[in-house]
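Enquirer: Sequence and predicted structure, then a few things I'm wondering about:
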Amino acid sequence: MTFRRKLLAVFALTVFVSVAAVALLVIAGTRNAFEKTEDQRTAALVTQFQREFGLRGDEVTRRVEAIAASDPVSRMATALHGTSADSAAYFELAKQMADGYQLDFLEFLDGHGTIISSAQWPAKFGYPDTGFESLSASSGENAFLKREELQDSTALGLFAVRTTHIGEHPVYVIGGRRLDKNFLFGLDLPADMRVLLYQNRSEHFAADSLLDPSAPANGVDPARPADKFARLIEAVLQYNQEMTGIVSWSSDQADDEVFHALPLRGAGKDRPLLGILLVGNSRRSYVDLKRRIGAYALLVGGGGIILAILLSSWAAARMTRPVVQLARAAQEVAAGNWDTRVEISGRDEVAQLAESFNRMTAELLAQKERLVQTERVAAWRELARRLAHELKNPLFPLQLTVENLMRARAQSPEQFDEVFSESSRTLLAEISNLKTIIGRFSEFSKMPHPQLQPVQVNEILQGVVKLYQAQLQAPGRAPIGCKLELDESSGTIAADPDLLHRALSNLVLNAMDAMPNGGTLTLRSRRDDGKTIIEVADTGSGLTREECERIFTPYYTSKQHGTGLGLAIVQSVVSDHGGRISVQSEPGRGTTFVIELPDNLEALQNIPATQNTGENAAQFPN
Amino acid sequence: MKLFDWRSLVVSSVMVGALAANAETRPQYGGVLHVAMRAAPTSLDPADTTQPESFARRSLTLVMFDTLVTIDENRVQPALATSWQTLQGNQQGNQHWQFRIRGGVKFHDGTALSAETVAASLRAANPSWNVSADADSVVIERDRPDPELLAELALPRNAIVKRNPDSTPSGTGPFHIVDWQPGKKLALAAEENCWRGRPYLDAIEIELGKSYRDQMTALELGRADLVEVAPEQTRRVSLEGHRLASSDSIELLALLFARDAASADEKLLRQALALSVERGSIRSVLLQGAGQAAASILPNWMSGYGFVFPTDPDLPRARNARAQVHAIPVWTVGYDGADPVARLLAERIALNARDAGLSLQPTASASADLRLVRIPLASPDPWIALANAAAVAGIPAGVPAGKDSGSVEDLYAAESAMLATQRIIPLFHLPVSYAASATLKDWALRADGSWTLADAWLGSGKP
């Protein structure tokens, strides 16, 4: 990641965290405020419901009082007071009166608690009413909750008890309204609020005991299963007190509802928990508000972040421009352009750095020029030394031959012709030797440019070995074994086959020279990292570290009669092919020359076919 | 020994015309009688066994059709048969009978009544009988002595019917069919050439499938002249001043199990259920005093021994029987949802059963472990009534074969055997009741619970 991007990321992250922190603070504050308001609203709604509940109870009480005071009930009480009391005639009276007064439950009981007539369970006539004692004690009091046993179930109802007295024989009128869906429907409730009733029939939550007025006719709302209330109702059953909980209907929080669970207790001393009223309030408005705030926060935050990114980008670009220039200049210097300069603007630390960079490159350039000059002098000295050395060897026989001629002419004129003839051959031979030496230097100065063509590296290596096979096993010298370890994957590269052949020949000759007592010559080829690797290894005496460092220097030689140009030419050929050559050697453990050659096949596309003829082939010195 | 004394039979036939003896006593021709009934038959063929048995169907049949003989005042009277005899006297045990067919009688479609038509009609109603025509006589051969054959032939289902190719039955009764809407309405017109003479009424219009409440409303609004009254309503209807007529208790109300008891445990539970039912309080409250509590299939007035079957509940015995069973199943007790009192009866029985530790679940569903059923007893003849009740209940009749005339002991043994199957728990014997308008005169109730309108006429309604 670039410095500019890092700087940009730091700026953007800082802005993002700041905006997010502000948004979270706003949301948290809003939620607290809303929940407080919501709690107050729920409390008001619960109070309203309880008031409504009380009104319904009063209504039930009034109706039961009216029934108790009605003529039919009075006539029944009078008839039952007689000696020939026959309650069978009033068997249907409770049903008729319940229908007339719109009550769900109505029973007439005699003074012993025996059912005379029952609207909710007509067949129960003649049976004693359970809980008669507590019911008779409730006569005249306000409405209360009671669980009523029916034919095949139980029901929760709001009951009132009144008594009709004829003489000393009372008739108890117990009437009520069922707490069912219709009752819940009839409650006047605000929007977004709904009421459910759980009838406590067992110790643990039972889904079929929950009455949901908003559920379909079959009582099962697949979108809002009753099981969701299990935890809240179990908690109320356990702690027997009001509780509040959130019921989630889906993954969408807007569908959640806050339910306030009110325990409904019956009459009597122990006040049994008969049911639980669930007053629900939708959280949609709260969630919508929260989402709006979140959306606004996201919008503002997003805009801020985008703006921050733009500003940060501009600032980062402005701040990093000198650094980028310095980096580019450093790359230029590394690439060899030592005269690279950077523009200096301002007076800050970056400007000082640029100024120092410019001074450093100027100093480096001066030192480089001095070094080149020194090396040039050293090269000339080496050349002079080598020329002197090379020329001195033939000159000494020339001098001796001429002096011998002069002496022969002066001392033995009769033998002069013979001496002259012999000396002339010697002179010609030495002159020829001088010309050869001069020709080699001349040819080195005129190194040909490689004429690239597709070349099979393995074929070149095989050709070289074939060429020198006879010399390796020549009589009169210790035999040298030759091994070819060729990798078949070493395919075709673009190279000048003659130059490459001659370079490899030089290395083979060098190896032969390094093994006067025999040994093994190994030529290898392989592919490595997209390049063709050629190794020429001997088992000769090896090179010292210093020799390894200087061995490719022109005119440097470790041999007594070498010109020092052979390996320089090899390096030149390899370099002209875009490759590199290195040497691995230790004294006494042989030497290995490693040549790395690129494929260069793409270079063939732009080369005319005539260049592949090898017309510039040159001879190289050994 | 004669099975029962026909003279001692308490005939509840009420001659409504007699009530107005001091007023209109001379019958008048004309007028249309409007009748309403709860049954809704979809076929008028008396031999159609797919139609549920009901008193209304009996009444309808005998308005349009005639039987070979009738039972009147406990005596067998000739009808379409003028005389009869057993071919080998009584030596063969009343096994072969010959009936001489009345001459000059015509069906409503104009064809003459013949022995062949009568034989075909009887064969259709009784596939097991061997019936043949012999000139103007019909010979009936039974596979065993049948002293009750005459009572059997008097049953409405053995009425003589000429079945036309268009499946409309034609009879010889006092009224013929004018309009027939199965299950809804039946319009009849007086048969001018009836062999018994033209009836007084010009026509009868019968509304079918009407509830008790709708019938009573129609009567009060003057839209019906003759309606049915539910047993539990008879006291109220009577108190309201309507003209009410009730038969003897000719209908059995019982619990009928769908299958035989599968184990000794189940028999104990059925015994517990039978012992737990408070018939007395149910009769006094739910049935408003109508009928009699019963633990026998035949009513006491019919068999003479019905009182020996105890009807009072015995909860200690019921609980003891139940206590011998560990696993208590929940039985569903089915009832007729259209019957206004049936649900209350089922709930009360379930409540009584709960006292004995049993669990019954009332249901209006057609499939139930046991059902609360009403079985109209087919005839005042106890053997016929018992056999028909057994057939309706799907219980082996237990009627001894080869008896020339069954004794009371045999009847008791046969009924006890039926009760021992524990398939049926008799609860009540109920009367059949009708309410009539003040204008309907001289209509009568038969002993089998059906009414006859052959001599009925419409007056002014003045007392």
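Expert: That came through fine. Numbers count the residues shown, from 1 in each chain, chains lettered A, B, ... in the order given.
Enquirer: tally of neighbours for residue A:397?
Expert: 16 (other C-beta atoms under 10 Å in any protein chain shown). C-betas here are computed from N, CA, C, even on glycine.
Enquirer: That one against residue A:426, yeah?
Expert: Yes: between residue A:397 and residue A:426 there is a contact under C-beta atoms under 8 Å: 6.4 Å.
Enquirer: continuing past the host helix or strand of residue A:310, what's the next helix or strand?
Expert: Using DSSP states H and E, the secondary-structure element containing residue A:310 is helix A:284-334. Using DSSP H and E, the helix or strand that follows helix A:284-334 in sequence is helix A:349-411.
Enquirer: How is residue A:459 classified with respect to secondary structure?
Expert: Residue A:459 carries the three-state label helix when classified by DSSP: H, G, I helix; E, B strand; the rest coil.
Enquirer: Give me the pLDDT for it.
Expert: Confidence at residue A:459, expressed as pLDDT, is 91.
Enquirer: Check residue A:570 too.
Expert: 88.
Enquirer: Please tell me how far it sits from chain B.
Expert: 109 Å (C-beta to the nearest C-beta, to the nearest Å).
Enquirer: what's the answer for residue A:488, then?
Expert: In terms of C-beta to the nearest C-beta, residue A:488 sits 89 Å off from chain B.
Enquirer: neighbours around that residue, how many?
Expert: Neighbour count of residue A:488, defined by other C-beta under 10 Å: 9.
Enquirer: try the one 10 residues further on
Expert: As a burial measure, residue A:498 scores 20 neighbours (other C-beta under 10 Å).
Enquirer: do residue A:369 as well
Expert: Quick note: residue A:369 (other C-beta under 10 Å) scores 11 neighbours.
Enquirer: One more: the one 3 residues further on?
Expert: By the measure other C-beta under 10 Å, the count of residues near residue A:372 is 10.
Enquirer: Quick check: most distant residue from the centroid of the chain.
Expert: Defaulting to chain A. residue A:414 (104.0 Å; C-alpha atoms, centre = their mean).
Enquirer: my question was about chain B
Expert: Furthest out from the centre of chain B (C-alpha atoms, centre = their mean) sits residue B:326, at 41.1 Å.
Enquirer: show me the contacts for the residue most central in space within chain B.
Expert: Nearest residue to the geometric centre of chain B (C-alpha atoms, centre = their mean): residue B:376, 3.9 Å. Residues in contact with residue B:376 (C-beta atoms under 8 Å, 6 or more residues apart in numbering or on different chains) are B:53-55, B:58, B:250-252, B:449.
Enquirer: switch to 7 Å and redo it
Expert: By C-beta atoms under 7 Å, 6 or more residues apart in numbering or on different chains, the contact set of residue B:376 is B:53-55, B:250-251, B:449.
Enquirer: okay if I get these as a markdown table plus secondary structure and neighbour count?
Expert: Formatted as a markdown table, the contacts of residue B:376 follow (DSSP: H, G, I helix; E, B strand; the rest coil; neighbours: other C-beta atoms under 10 Å in any protein chain shown):
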| residue | secondary structure | neighbour count |
| --- | --- | --- |
| B:53 | coil | 18 |
| B:54 | coil | 21 |
| B:55 | helix | 24 |
| B:250 | strand | 28 |
| B:251 | strand | 21 |
| B:449 | coil | 28 |
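Enquirer: In three-state terms, label the residue farthest from the centre of chain A for me.
Expert: Under three-state DSSP, the three-state class of residue A:414 is helix.
Enquirer: gap between it and residue B:207?
Expert: Using C-beta to C-beta, to the nearest Å, residue A:414 is found at 184 Å from residue B:207.
Enquirer: what's the answer for residue B:331, then?
Expert: Distance from residue B:331 to residue B:207, by C-beta to C-beta: 37 Å.
Enquirer: what's the answer for residue B:427, then?
Expert: Going from residue B:427 to residue B:207 by C-beta to C-beta gives 30 Å.
Enquirer: for stretch A:47-56, which positions count as buried?
Expert: In terms of neighbour count (16 or more other C-beta atoms under 10 Å in any protein chain shown), stretch A:47-56 has its buried residues at A:48-49, A:53, A:56.
Enquirer: give me the number of residues near residue 168?
Expert: Defaulting to chain A. Count around residue A:168 with other C-beta under 10 Å applied: 7.
Enquirer: other chain: chain B
Expert: Counted with other C-beta under 10 Å, residues neighbouring residue B:168 total 14.
Enquirer: Could you break the chain into its assigned domains?
Expert: This is for chain A. If you go by automatic domain parsing, the domain ranges for chain A are A:69-178, A:179-282, A:349-443, A:448-613.
Enquirer: Oops, wrong one, chain B.
Expert: B:14-65+B:173-225+B:437-463, B:66-163, B:249-431.
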